[in-house]
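>>> got a structure for you, letters missing:
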């Protein structure tokens, strides 16, 4: 072979490499499995966007940067659309919807790539008695419970095939239930240690931390010291404490103080679920809440929060009734309400603003409570009516109607509560330490999901943020919105190699049109998919193409820092031994 020939081959190889091909022996192969070209890159850090490309090999990003010649097995032409890290749903209730539909379509079409579940209750640990009871309490979605631990549930969903990644907290209510049941009692020191061991076990299986939901039974019976002890165990394992606080209404400020205190006592970071000031009389408290969180953060106490982008919440009628009547669980609650003496007492306390519990009936009012989900086919025709309407139809008071609906349905009955301020929602959306969660399942507008009314946040929470609060109202800038949908929650959860468009990170990517992304779901017509997201990649596989779900089921169980199967995992002597991303 002559020198001229050798130089010619060398030039050819260099040309191939410069245009995105690699040479293996004498075979020329593409450099990337998938390339996203010509998009406006939002890297998840909050930095200004720029026109660029993303190259993916396997499940990882191997190039992100300015446009360059690229050759790949598959190319997505982004046409100057936004290209961002996949969005993280910090409060997902998809644990049951995933049992019947692994696509998580309502979230997938909004660009979500990670569902973070486990608000107060989690899908494990479970005893045999809890499994039997919980199967009996199932409503529209019915499924066998074939697992006992949280890790087994999450591993099972991964094996079944899911479009999105999943993760979970371990519920403080769940570990309390295992040890104490659902009664209003306090743990002995030995019982509290048993609860801590259950938290430790769940953390070693991959839980992200411990969660509480303190307006519900049996969580409402837990004292601050119990919660701090569980949070401490989670913190030792690299996890956080996340809470639906004891009050979001009349004792909102005291609840924030308790959350900060638990973070101080335990050494674990804390996050507030769906931050809000509920009830008109409490709307003015939001500024004080923000001041408290900012002061704690300035003192190096790591406090963050998440929110949904709506002025109505959704929960059960249990959020209207005093804790004493709910002690012992659903069945005991129903039996108590059949007693005329108990009924009279419940009604009196529901109407009393000084009864001393979180009472959403007084904050929304019967006219502001829209009935949304029943277990009984007989009662489903009441869906879409207010509690006030049903009370008038039945010629009884609203509290009596609420009790009767729970008794007749054999469930807590799902309700939309209109009680937040639009001005506050807008203000919260602009807070730099705020991330976002739907607080909803991940349904599809078909099948079993149409048996009850979904809250519009199930279909529009993330698209609404980008359409209403970024594009229209300019409550926050688009790069910062992307940061708080991706990089911020990933850092808060200490997720490894997720949340950013960065070389070496998992290829969870969303391609969207910032000028047209839109939510369409309303309270009256909620089962409407959002539009404006064209492609979603999950671990390098295309889960959404041209706005439609594919057959890819590349979602994984995303584990926390203490996962025992990973080098460097495990728990430390103290939460302070961890280096937390600030």
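Yep, that arrived. Fair warning: this is a prediction, and the values are worked out from it, not measured in the lab.

>>> now residue 458. Nearest residue, chain neighbours left out?
In this structure, residue 458 finds its nearest non-sequential neighbour in residue 440, 3.6 Å apart by Cβ to Cβ, 6 or more residues apart in numbering. (Glycine included, C-beta is placed from N, CA and C.)

>>> same thing with residue 448?
residue 140 (5.4 Å).

>>> poorly predicted segments of the stretch 451-582 of the chain, please.
566-568, 581-582 (pLDDT under 70).

>>> tell me which stretches of it form strands.
Here the stretch 451-582 of the chain has its strands, by DSSP state E, counting those that start in this stretch, at 509-512, 533-538, 541-545, 548-549.

>>> same check on the stretch 301-450 of the chain?
So, for the stretch 301-450 of the chain - with DSSP E, counting those that start in this stretch - the strands run 303-307, 312-316, 369-373, 414-418, 434-436.

>>> partners of the first one in the sheet?
Okay, so that is strand 303-307. Take DSSP bridges as the rule and strand 303-307 pairs in its sheet with strand 270-272 (parallel), strand 434-436 (parallel).

>>> now the strands of the stretch 301-450 of the chain as CSV including mean neighbour count?
Shown next, in CSV, are those (neighbours: other Cβ atoms under 10 Å):
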stretch, mean neighbour count
strand 303-307, 24
strand 312-316, 21
strand 369-373, 24
strand 414-418, 23
strand 434-436, 25
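
>>> make a markdown table out of those and add distance to residue 116 and mean pLDDT.
Output for those, formatted as a markdown table (distance: least, Cβ to Cβ, whole Å; pLDDT from 0 to 100):
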| stretch | distance to residue 116 | mean pLDDT |
| --- | --- | --- |
| strand 303-307 | 9 | 98 |
| strand 312-316 | 18 | 97 |
| strand 369-373 | 22 | 97 |
| strand 414-418 | 21 | 98 |
| strand 434-436 | 10 | 98 |
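
>>> can you classify residue 125 by secondary structure?
State at residue 125, reduced to three classes by DSSP: H, G, I helix; E, B strand; the rest coil: coil.

>>> close enough to count as contact, it and residue 151?
No - applying Cβ atoms under 8 Å as the test, residue 125 and residue 151 come out as separate, 9.3 Å apart.

>>> list the residues that contact both of the two?
residue 202 (Cβ atoms under 8 Å, 6 or more residues apart in numbering).

>>> confidence score at residue 443?
Note on residue 443: pLDDT of 98.

>>> surely it and residue 101 touch.
Yes - look at residue 443 against residue 101 with Cβ under 8 Å: they come within range, at 7.3 Å.

>>> who has more neighbours, these two?
residue 443 (26 against 21; other Cβ atoms under 10 Å).

>>> so residue 243 sits in a strand?
Yes - when classified by three-state DSSP, residue 243 is found to be part of a strand.

>>> wait, what's in contact with the nearest residue to it once chain neighbours are set aside?
Once flanking residues are discounted, residue 243 sits nearest to residue 212: 4.6 Å by Cβ to Cβ, 6+ apart. By Cβ under 8 Å, 6+ apart, residue 212 lies in contact with 120, 171, 172, 173, 219, 222, 227, 241, 242, 243, 244.

>>> now residue 183: which helix or strand?
Using DSSP states H and E, residue 183 is not contained in any helix or strand.

>>> now tabulate the strands of the stretch 451-582 of the chain in JSON lines and tack on mean neighbour count.
Compiled in JSON lines, the strands of the stretch 451-582 of the chain are given as follows (neighbours: other Cβ under 10 Å):
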{"stretch": "strand 509-512", "mean neighbour count": "27"}
{"stretch": "strand 533-538", "mean neighbour count": "26"}
{"stretch": "strand 541-545", "mean neighbour count": "21"}
{"stretch": "strand 548-549", "mean neighbour count": "14"}
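
>>> may I see these organised as CSV, with distance to residue 327 added?
Formatted as CSV, the strands of the stretch 451-582 of the chain follow (distance: least, Cβ to Cβ, whole Å):
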stretch, distance to residue 327
strand 509-512, 45
strand 533-538, 42
strand 541-545, 44
strand 548-549, 43
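
>>> in stretch 243-259, what counts as buried?
Neighbour-count burial for stretch 243-259 flags 243-253, 255-256, 258-259 (criterion: 16 or more other Cβ atoms under 10 Å).

>>> end to end, how far does that stretch reach?
8 Å (Cα to Cα, to the nearest Å).

>>> could you number the chain from 21 rather than 1 from now on?
With the count now opening at 21, the last piece we talked about shows up as stretch 263-279.

>>> tell me the mean pLDDT for it?
98.

>>> who touches the residue nearest the centre of the chain in this structure?
The chain has residue 111 as the residue nearest its centroid, 1.7 Å off, counting by Cα atoms, centre = their mean. Residue 111 makes contacts with 136, 139, 293, 294, 326, 328, 457, 458, 459, as judged by Cβ under 8 Å, 6+ apart.

>>> before we move on, what about residue 477?
328, 329, 330, 334, 458, 459, 460, 541.

>>> so which of the buried residues of stretch 263-279 sit within strands?
Among those, DSSP state E puts 263, 264 in strands.
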